[in-house]
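Trainee: Fold the following.
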Amino acid sequence: MPEPSDEDCRRHHAANPARYASGERVLARHVLFAVTPGVDVNALLPRAEQLLLKLRCHDGGSAGDDAAGPDGGLGEDDDAFAAAAREWSNCPSGAAGGALGWLRAADCAPEFARELFGQPVVGVLARLVRSRFGLHVVEVLAREPGLTQPYETVRGAVALALRQQAWTTALRQYLRLLAAQATLEGVDLDAADTPLVQ
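Mentor: Residues are numbered from 1 along each chain as shown. Here you go, the predicted structure:
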């Protein structure tokens, strides 16, 4: 595996400052479509996507001025998102309109945190968030940016991220080469014909 150079690490850090910030907080709420043993995910997915589309297209704008109260909590207004959470969410927060309160990345499952933090988006996220708990329609009501960390402080984390990215790319290329050598009937694999895989 190629080792990332200091120049590569500095360039990655400069291009992704929010990823290496600390202390970012997000005020969010969600509708959880829980995936538990016996649940047909193929039947659940269209319902979750339909609700996501409905909430993203809602004219009332669920992240409006009345959504956040003076203490940073959710207001008592009966907006579309809160109503959907009360009706559809499999999370106890559904009774409170899906309110999760102020979150830090450490408060969430890693796969959930990856979708919420290090981005500027406020409002209903454009896609479903998939976590170990199920499918989430998520609305970010407010963000408090974290403190940007100097490169020297996070050098190890930056190098690790680039190593993981290179490993993932190499593994994907290797699997495509193996798929090209396999003979399977009735299955279409994304295979590569040459070792020059990009």
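Trainee: In contact with the residue most central in space within the chain, which residues?
Mentor: Per C-alpha atoms, centre = their mean, the C-alpha nearest to the average position across the chain is that of residue 115, at 1.8 Å. Going by C-beta atoms under 8 Å, 6 or more residues apart in numbering, residue 115 touches 125, 129, 138. Where C-beta positions appear, they are placed from N, C-alpha and C, glycine not excepted.
Trainee: quick one: which of these sit in strands?
Mentor: Among those, the ones falling in strands (DSSP state E) are 129, 138.
Trainee: Most neighbours out of the contacts of residue 115, which is it?
Mentor: residue 138 (25 neighbours; other C-beta atoms under 10 Å).
Trainee: give the contact list for that residue.
Mentor: Counted by C-beta under 8 Å, 6+ apart, residue 138 has contacts 28-30, 115-116, 124-125, 129.
Trainee: tell me which residues form a beta bridge with it?
Mentor: Listed by DSSP bridges, the beta-bridge partners for residue 138 are residue 30.
Trainee: for residue 21, same thing?
Mentor: Counting by DSSP bridges, the residues bridging with residue 21 are residue 148.
Trainee: burial of it, as a residue count?
Mentor: Residue 21 - counted by other C-beta under 10 Å - has 17 other residues nearby.
Trainee: Could you report the pLDDT at it?
Mentor: Confidence at residue 21, expressed as pLDDT, is 80.
Trainee: now swap in the one 3 residues further on and tell me
Mentor: Residue 24 is assigned 89 on the pLDDT scale.
Trainee: again with residue 72
Mentor: pLDDT at residue 72 comes out at 41.
Trainee: tell me what the worst-scoring helix or strand of the chain on mean pLDDT is packed against?
Mentor: Lowest on mean pLDDT, DSSP states H and E among the helices and strands of the chain sits strand 21-22, with a mean of 81. Contact here means 3 or more C-beta pairs under 8 Å, 6 or more residues apart in numbering; DSSP states H and E; on that basis strand 21-22 packs against strand 147-148.
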